[in-house]
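>>> no sequence on this one, just coordinates:
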């Protein structure tokens, strides 16, 4: 299931319904990591339970290029930073949203950002394909 940048999708995370939106990514502003790709991520808790450990790694986000090459998560230089790894995860209370930046190491050639949930791949890209 594919979306254009800014599209919102809902699925279960830690048995709680959430929505995820990935906005149009940008090149890193850091001189030493110019090949990194940074994307603004918004996650909203639509359930009735608090999510104890929300992170981009927990969501399983990755960036992918035209050749199906994948790029791993990395700490962004833009702020606010979305919790990237499980060790810096954050709670997300019911009805609340969290917005922040995530980065993909050497991901400047990536054309989409994706995650796999159960047997479904959700992806965001410029074309929505």
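Now that the structure is in, tell me what you want to look at. As the structure is a prediction and not an experimental result, all values here were calculated from the model.
>>> without its sequence neighbours, what residue ends up closest to residue 60?
The shortest distance from residue 60 to any non-neighbouring residue, by CB to CB, 6 or more residues apart in numbering, is to residue 115 (4.5 Å). (Glycine included, C-beta is placed from N, CA and C.)
>>> so which strand or helix has the one you found?
Assigned by DSSP states H and E, residue 115 falls within strand 112-117.
>>> report the beta-bridge partner residues of the nearest residue to residue 128 once chain neighbours are set aside.
Among residues not flanking residue 128 along the chain, residue 4 sits closest, at 3.8 Å (CB to CB, 6+ apart). Judged by DSSP bridges, the bridge partners of residue 4 are residue 125.
>>> can you verify my assumption that residue 4 contacts residue 113?
No: Residue 4 lies out of contact with residue 113 (CB atoms under 8 Å); the separation is 11.8 Å.
>>> give me the common contacts of these two.
Taking CB atoms under 8 Å, 6 or more residues apart in numbering as the contact rule, residue 4 and residue 113 both touch 124, 125.
>>> which one's more surrounded, these two?
More crowded of residue 4 and residue 113, by other CB atoms under 10 Å: residue 113, with 25 against 13.
>>> show me the contacts for that one.
22, 25, 39, 61, 62, 63, 64, 104, 123, 124, 125.
>>> equivalent analysis for residue 37, please.
With contact taken as CB under 8 Å, 6+ apart, residue 37 is in contact with 25, 26, 27, 28, 63, 71, 103, 104, 107, 108, 110.
>>> okay, it: pLDDT?
pLDDT recorded at residue 37 is 97.
>>> quick one: the nearest residue to it once chain neighbours are set aside from residue 42, how far?
The shortest distance from residue 37 to any non-neighbouring residue, by CB to CB, 6+ apart, is to residue 107 (3.6 Å). According to CB to CB, to the nearest Å, residue 107 and residue 42 sit 19 Å apart.
>>> which one of these two is surrounded by more residues?
Applying other CB under 10 Å to residue 107 and residue 42 shows that residue 107 carries more neighbours, namely 27 against 16.
>>> about what we covered before: okay if I get the contacts of residue 113 as JSON lines plus neighbour count, distance to residue 47 and secondary structure?
Putting the contacts of residue 113 into JSON lines (neighbours: other CB atoms under 10 Å; distance: CB to CB, whole Å; DSSP: H, G, I helix; E, B strand; the rest coil) gives the following:
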{"residue": "22", "neighbour count": "28", "distance to residue 47": "20", "secondary structure": "strand"}
{"residue": "25", "neighbour count": "27", "distance to residue 47": "28", "secondary structure": "coil"}
{"residue": "39", "neighbour count": "24", "distance to residue 47": "24", "secondary structure": "strand"}
{"residue": "61", "neighbour count": "24", "distance to residue 47": "20", "secondary structure": "coil"}
{"residue": "62", "neighbour count": "20", "distance to residue 47": "25", "secondary structure": "strand"}
{"residue": "63", "neighbour count": "29", "distance to residue 47": "27", "secondary structure": "strand"}
{"residue": "64", "neighbour count": "20", "distance to residue 47": "29", "secondary structure": "strand"}
{"residue": "104", "neighbour count": "26", "distance to residue 47": "28", "secondary structure": "strand"}
{"residue": "123", "neighbour count": "21", "distance to residue 47": "23", "secondary structure": "strand"}
{"residue": "124", "neighbour count": "26", "distance to residue 47": "22", "secondary structure": "strand"}
{"residue": "125", "neighbour count": "20", "distance to residue 47": "28", "secondary structure": "strand"}
